[in-house]
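[1] output the structure for:
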Amino acid sequence: MFNPKSPLQAAAIFLAGVGVIAYTTLDIHRTATLNEKPMTRQQAEALQQYLNEKKHEAATNQLKQMGRE
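    As a prediction, this is how the structure comes out:
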């Protein structure tokens, strides 16, 4: 994969890998912490409204496509 030609290059590759693992761990922890709280009623209503709009857009686009064929 990588073929470092000096100890400095090897250290840089190692530190980059450690950085990626640290950031991934932090991101997973942050996401899990945010998901511990249930949605509020307003959030649930906003999500349902968004989903309904997307379904309506998809149905409208499908009808338009059928009309073109």
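[2] pLDDT averaged over stretch 52-69 - what is it?
    Stretch 52-69 carries an average pLDDT of 85.
[3] any weak-confidence spans in the chain?
    1-2, 68-69 (pLDDT under 70).
[4] all helices of it, in order?
    7-34, 41-68 (DSSP state H).
[5] possible to save those as TSV with mean neighbour count?
    Where C-beta positions appear, they are placed from N, C-alpha and C, glycine not excepted. Formatted as TSV, those follow (neighbours: other C-beta atoms under 10 Å):
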stretch	mean neighbour count
helix 7-34	10
helix 41-68	10
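[6] the domain parsing of this structure - what is it?
    What automatic domain parsing lists as the domains of the chain is 1-37, 39-69.
[7] show me how far the shortest one is from its chain's centre.
    Put simply, domain 39-69 sits 21 Å off its chain's centre (C-alpha atoms, centre = their mean, to the nearest Å).
[8] check stretch 7-21 too.
    Here stretch 7-21 is found 25 Å from its chain centre; the criterion is C-alpha atoms, centre = their mean.
[9] now stretch 3-14
    Here the centre of stretch 3-14 is set off from its chain's centre by 31 Å, with C-alpha atoms, centre = their mean.
[10] and for stretch 23-32?
    12 Å.
[11] C-alpha coordinates for that stretch, PDB please?
    Listed next in PDB are the C-alpha coordinates belonging to stretch 23-32 (Å, rounded to 0.1, in the frame of the first residue of the first chain):
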ATOM      1  CA  TYR A  23     -12.000  11.500  14.200                       C
ATOM      2  CA  THR A  24     -14.100   8.500  13.400                       C
ATOM      3  CA  THR A  25     -14.400   7.600  17.100                       C
ATOM      4  CA  LEU A  26     -15.300  11.200  18.000                       C
ATOM      5  CA  ASP A  27     -18.000  11.300  15.200                       C
ATOM      6  CA  ILE A  28     -19.500   8.000  16.300                       C
ATOM      7  CA  HIS A  29     -19.700   9.100  19.900                       C
ATOM      8  CA  ARG A  30     -21.200  12.500  18.900                       C
ATOM      9  CA  THR A  31     -23.800  10.800  16.800                       C
ATOM     10  CA  ALA A  32     -24.700   8.300  19.400                       C
END
